[in-house]
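Chemist: I would like the atomic coordinates for the input below:
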Amino acid sequence: MDEFNPYAAPEALPPPLANSSPDNSTCWRDGDELLALPHSDLPRYCVKCGKPALEYRQRKFYWHSPWMYLLILLHFLVYLIAALAVRKTAVHNVGLCSAHRKRRLNFMLMAWCSAVPLFGCFLFDSGWVVGLGILTFLVMLLWGLIGMQILKPRKIDVNLAVYRGVSTAFLARLPRYPYRRD
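Modeler: Numbers count the residues shown, from 1 in each chain. Next up, the predicted model:
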């Protein structure tokens with residue numbers, strides 16, 4: 001019965017992550033990355049500075065493979081449908097201090113107000129004013145959308161969610177991930 005089974009699970013993989021560490025933690029650090037179970041709560045500290053969190057809310061994070069962006073070359077609608085179909089989701093209660101909460105709200109306001117120069121530029125007949133208004137709209141929108149991100153998902157799968165954009169002070173409070181080396 002020592003036959004090779006190509007469909008058998010590899011034996012070198014670590015055990016499942018749920019309740020696998022001695023202190024039953026659900027999030028870890030690995031270098032400058034935050035690793036967490038996809039539907040777990042993060043510690044009640046600001047993920048941007050490590051201070052005690054004033055705001056602690058549930059957030060959804062989505063991720064799909066970066067290769068999906070190649071579908072934009074076919075058509076944006078094809079990419080959108082495929083990305084919505086294959087995206088992975090993680091839900092966490094995430095903390096922000098008052099300073100980072102205010103900063104995030106300012107970026108959200110910038111993203112919403114980006115439409116003002118777009119509509120305002122069409123009041124003029126000059127082509128360069130319209131071009132400047134469109135450029136201002138795009139810069140404000142992208143800057144606002146990028147700035148208001150709390151965590152930047154690097155990968156999400158069924159067992160683990162990996163994020164960047166977390167402060168070293170927050171990561172210092174977490175145990176090291178037991179299955180990787182720094």
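Chemist: need the contact list for Y62.
Modeler: Shown in contact with Y62 (Cβ atoms under 8 Å, 6 or more residues apart in numbering): 87-89, 153, 156. C-beta here means a position set from N, CA and C on the backbone, and glycine is covered the same way.
Chemist: quick one: which of those is nearest M108?
Modeler: P153 (18.7 Å; Cβ to Cβ).
Chemist: next one: the nearest residue to that closest one once chain neighbours are set aside from A90, what distance?
Modeler: Excluding the flanking residues, the one nearest P153 by Cβ to Cβ, 6 or more residues apart in numbering is W63, at 4.1 Å. Distance, W63 to A90, by Cβ to Cβ, to the nearest Å: 8 Å.
Chemist: which one of those two is surrounded by more residues?
Modeler: Taking neighbours as other Cβ atoms under 10 Å, W63 and A90 compare with A90 leading, 22 against 19.
Chemist: now the more buried one: phi and psi?
Modeler: Backbone torsions of A90, given as degrees, to the nearest 10, read phi -130, psi 140.
Chemist: show me what it is bridged to.
Modeler: Using DSSP bridges, the beta-bridge partners of A90 come out as F61.
Chemist: so how far is A111 from it?
Modeler: A90 sits 23 Å away from A111, taking Cβ to Cβ as the criterion.
Chemist: give the residue spans of the chain that score low on pLDDT.
Modeler: Residues of the chain meeting the criterion pLDDT under 70: 1-2, 4, 8-24, 180-182.
Chemist: among the contacts of Y62, name the buried ones.
Modeler: Listed as buried from the contacts of Y62 are 88, 153, 156; burial here means 16 or more other Cβ atoms under 10 Å.
Chemist: from the residues you listed, which ones fall inside strands?
Modeler: Among the buried ones among the contacts of Y62, DSSP state E puts 88, 153, 156 in strands.
Chemist: need those in JSON lines with distance to L42, can you?
Modeler: Formatted as JSON lines, these follow (distance: Cβ to Cβ, whole Å):
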{"residue": "K88", "distance to L42": "18"}
{"residue": "P153", "distance to L42": "13"}
{"residue": "I156", "distance to L42": "14"}
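Chemist: for the closest residue to G147 other than its chain neighbours, phi and psi?
Modeler: Nearest residue to G147 in three dimensions, chain neighbours excluded: F107, at 3.5 Å (Cβ to Cβ, 6+ apart). Main-chain torsions, F107, degrees, to the nearest 10: phi -70, psi -40.
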